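Participant: Quick one, fold the following:
(2 chains, ligands or ions: 2)
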Amino acid sequence: MFLMVRNLSIHFRKIEALKDVSMEVPEGIIVALLGANGAGKSTLFKAISGFLKPVSGSIWFRKGRIDGKLPDEILRRGISQVLEGKRLFRRQTVLENLDMGAYSRHDGRKDITKDRDELLERFPILKEKAKVKSGLLSGGQQQILAIARSLMAKPKLLLMDEPAQGLAPLVIKEIAETIKKLNESGLTIMVIEHNVRLALGLADKVFILDNGKLVFEGTPASFSEDEYTQKVYLGG
Amino acid sequence: MKPLYRFLSFFLLIIFLILLPQLITKDYYIHMLVMAGIYSMLAQSLGLIIGFTGQVSLCHAAFYGIGAYISALLALNFGLPFWITFWFGGIGAGVVAYLFGCLVLKLKGHFLAITTALFGIMVTLILDNWTELTKGPMGLPGIPNPSPIQLPGVKLQFASRTEYYYLILVFVLLMAFVIYRIIHSQIGEAMIAIRENEEVAQSIGINTMRFKLAAFSIGSGFAGVAGSFYAHYILFISPISFTLPESINILVMMIFGGMQTFVGPIVGAITLTFLPEFLRMTGALRLTLYGLALMLLIIFLPSGIVGAIKEKWFSQYEKS
Ligand SMILES: Nc1ncnc2c1ncn2[C@@H]1O[C@H](COP(=O)(O)OP(=O)(O)OP(=O)(O)O)[C@@H](O)[C@H]1O
Ligand SMILES: [Mg+2]
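Facilitator: Numbers count the residues shown, from 1 in each chain, chains lettered A, B, ... in the order given. Ligands and ions are numbered 1, 2, ... in the order given. Have a look, this model is predicted:
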């Protein structure tokens, strides 16, 4: 299995943010992760990318166990995360941000520049703003830069925490298309998304967390047939 | 600046610094220059920690003191010459910083500032109270001069202040070279990324703890070397020279010159070593004026002297 989470629990003092969560993600798909505020979605992502250490359980990526490893090690193994809320090096330019995204790579300057130029072609707005300080970009542009920067690490699995947060519908559509295109080029993607319709349209597989527990897993098609989702999301 | 232009101005600066003692007649001003050199080491090494890596340390004078005491004790008890003790002073301070850093560099912002300040106070207390070793507030007198060295052409005896001036000049230049190489390498890139946003730095694969520790121990290590030099220059040390106010003094020099620039802290150290002297003619108002000058400068030039010049330079550059 590409990514496997087994009986994962994470506590913050008395709060049990994740309780015995298990999931499997095959290679090459788009996964949507749903759930109310505080359900534990970001916590799960942070555990996968090494920002948080689990109390119990394990995480496996491409046959290697990764829980307890440091974020830089996990990134080098191929998991990159777009943090919640477009975090950038705000005083640095778009180009500098992209270059920093390649920090973990050890192939030559040439390959890195080549990949960067490819990304600039793929996201023309970044090319246009190449020398602008990233803090001065609009919210949508910043989000695209954050995504592009995480791609500079050449990940095999991309975790995106609410990439559509605070963006205009048109920009959200653009980001959704970007996600699809990236997936078509072979990247496995997991997205946290509050908009159910958007998530269902995008994903091959859906997981729902509720209060730290995994309460649903299935395809978008099975979503409307499930008792839990009917009650909570479809108002049935 | 074009590389050639840059090289030339650097070359001229070195010539100037070599000739400088010849231009000065008063021995006291040479002493001020030596002190400016020591403070340059302290401010620039603190710049690596705070200015480039963003880790607020309020115990720089403690590492300065640790270096001074290690050196002095080795010289007094084992008869080791300065040329050996300064290595122990620097490495000793670096090792203590490393161990302390492992404990506290997880903390951020105010918490780190307060914890490091408390550490500084604790070091002062130890120096004051461990009287068998440090002689407490009485201090350690009789530290030897650096033993004479024979260089091609000249023999340095360390009998005059001018010889100390040249020695500290070499120390400052060597340290500046090392720090320059660090901040212009991948290591420096990682440190700046941590300063700008630690979480993002982590998410792009930087082992933030490792680089914070590196900056903290290297910076504090250089403070230790400065302490060794101080001990073998003044020939007497006591805890009062290495207290929290001294840490803040170094901090102010660094901010004043421009902590996020390479030369800023040195400019700040030199200016603020001499400024109180020039204000001396104002008599009793001296310290008030000094404080006022500092406040105004920090309000109007928040990025420091060199920072402000750089901003001006780059904004002109962008317009054209
Ligand atoms: N560092 C932390 N310290 C203490 N509690 C935390 C921490 N991080 C998260 N929590 C708690 O863990 C629970 C899950 O938080 P998490 O951020 O994973 O939610 P989420 O599903 O991402 O919510 P949202 O949709 O609002 O982003 C919440 O109750 C939160 O308060
Ligand atoms: Mg969240």
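Participant: where do the helices sit along the stretch 51-200 of chain B?
Facilitator: In the stretch 51-200 of chain B, the segments counted as helices under DSSP state H, counting those that start in this stretch are B:60-78, B:82-104, B:109-129, B:131-134, B:161-183, B:186-196, B:198-203.
Participant: buried set for the shortest one?
Facilitator: Of all the residues in helix B:131-134, those buried under the rule 16 or more other Cβ atoms under 10 Å in any protein chain shown are B:Thr134. In this view, the C-beta of every residue, glycine as well, is placed from N, C-alpha and C.
Participant: again, but for stretch B:16-24
Facilitator: In stretch B:16-24, counting by 16+ other Cβ under 10 Å, buried: B:Leu17, B:Pro21.
Participant: from the helices of the stretch 51-200 of chain B, which stretch is densest packed?
Facilitator: helix B:60-78 (a mean of 26; mean count of other Cβ atoms under 10 Å in any protein chain shown).
Participant: now the angle from it to helix B:109-129?
Facilitator: 30 degrees (axes from the mean of the first three to the mean of the last three Cα atoms, to 10 degrees).
Participant: ok now helix B:60-78, how far from the chain's centre?
Facilitator: 16 Å (Cα atoms, centre = their mean, to the nearest Å).
Participant: what does stretch B:280-292 give?
Facilitator: 25 Å.
Participant: same check, this time on stretch B:46-55
Facilitator: 12 Å.
Participant: Show me which residues of it are buried.
Facilitator: Under the neighbour-count rule (16+ other Cβ under 10 Å), stretch B:46-55 has B:Leu46, B:Gly47, B:Leu48, B:Ile49, B:Ile50, B:Gly51, B:Phe52, B:Thr53, B:Gly54, B:Gln55 buried.
Participant: Next, the distance between the ends of it.
Facilitator: Start and end residues of stretch B:46-55 are separated by 10 Å (Cα to Cα, to the nearest Å).
Participant: Just confirm A:Gln230 contacts A:Ser224, I think it does.
Facilitator: Yes. If you go by Cβ atoms under 8 Å, A:Gln230 and A:Ser224 touch, sitting 7.1 Å apart.
Participant: tell me the contacts of A:Asp20?
Facilitator: A:Asn7, A:Leu8, A:Ser9, A:Gly57, A:Lys213 (Cβ atoms under 8 Å, 6 or more residues apart in numbering or on different chains).
Participant: Are any of those residues buried, and if so which?
Facilitator: Buried among these (16+ other Cβ under 10 Å): A:Leu8, A:Ser9, A:Gly57.
Participant: Can you give the distance of the longest helix belonging to chain A from its chain's centre?
Facilitator: Determined from DSSP state H, the single longest helix within chain A is helix A:169-184. Distance, stretch centre to chain centre, for helix A:169-184: 13 Å (Cα atoms, centre = their mean).
Participant: And stretch B:229-238, by the same measure?
Facilitator: 16 Å.
Participant: For chain A, give me its nearest residue in chain B.
Facilitator: In chain B, no residue comes nearer to chain A than B:Gly205, which is 3.0 Å away by Cβ to the nearest Cβ.
Participant: contacting residues around the helix or strand of chain A with the lowest mean pLDDT?
Facilitator: The helix or strand of chain A with the poorest confidence is helix A:227-232; it has a mean of 77 (mean pLDDT, DSSP states H and E). Around helix A:227-232, the neighbours that count as contacts under Cβ under 8 Å, 6+ apart are A:Ile208, A:Asp210, A:Val215, A:Phe216, A:Phe223, A:Ser224, A:Gly236.
Participant: sorry, back to before: hmm, A:Arg76 and the residue of chain B closest to chain A touching each other?
Facilitator: Yes. Look at B:Gly205 against A:Arg76 with Cβ under 8 Å: they come within range, at 6.5 Å.
Participant: Which neighbours do those two have in common?
Facilitator: The contact lists of B:Gly205 and A:Arg76 share A:Ser104, where a contact means Cβ under 8 Å, 6+ apart.
Participant: of the two, who's got more company?
Facilitator: The neighbour comparison of B:Gly205 against A:Arg76 (other Cβ atoms under 10 Å in any protein chain shown) goes to B:Gly205, with 22 against 15.
Participant: In a strand, that one, correct?
Facilitator: No. Assigned with DSSP: H, G, I helix; E, B strand; the rest coil, B:Gly205 falls outside any strand and is coil.
Participant: from the middle of its chain, how far away would the least confident helix or strand of chain A be?
Facilitator: 25 Å.
Participant: A:Tyr228 - how many residues pack around it?
Facilitator: 12.
Participant: Roughly how far does it sit from A:Thr219?
Facilitator: To A:Thr219, A:Tyr228 is 15 Å away according to Cβ to Cβ, to the nearest Å.
Participant: What of B:Ile234?
Facilitator: 77 Å.
Participant: quick one: which of the two has more around it?
Facilitator: For B:Ile234 versus A:Thr219, neighbours defined as other Cβ under 10 Å are more numerous around B:Ile234 (16 against 11).
Participant: got a list of what the nearest residue to that one once chain neighbours are set aside touches?
Facilitator: Leaving aside its sequence neighbours, B:Ile234 sits nearest to B:Ile143 (Cβ to Cβ, 6 or more residues apart in numbering or on different chains; 7.9 Å). Contacts for B:Ile143 (Cβ under 8 Å, 6+ apart) come out as B:Ser71, B:Ala72, B:Ala75, B:Leu76, B:Ala231, B:His232, B:Ile234, B:Leu235, B:Phe236, B:Ile237.
Participant: Go again with 6 Å.
Facilitator: B:Ala72, B:Ala75, B:Ala231, B:His232, B:Leu235 (Cβ atoms under 6 Å, 6 or more residues apart in numbering or on different chains).
Participant: quick one, phi/psi of it?
Facilitator: Main-chain dihedrals, B:Ile143, degrees, to the nearest 10: phi -70, psi 130.
Participant: List the strands paired with the helix or strand following the longest helix of chain A, with their directions.
Facilitator: Counting by DSSP states H and E, the element after helix A:169-184 in chain order, helix or strand, is strand A:188-192. Its sheet considered, strand A:188-192 pairs with strand A:30-34 (parallel), strand A:157-161 (parallel) by DSSP bridges.
Participant: among those, which is nearest ligand 1?
Facilitator: strand A:157-161 (7.2 Å; Cβ to the nearest ligand atom).
Participant: isn't the residue of chain B closest to chain A right up against A:Tyr103?
Facilitator: Yes. B:Gly205 lies in contact with A:Tyr103 (Cβ atoms under 6 Å); the separation is 5.2 Å.
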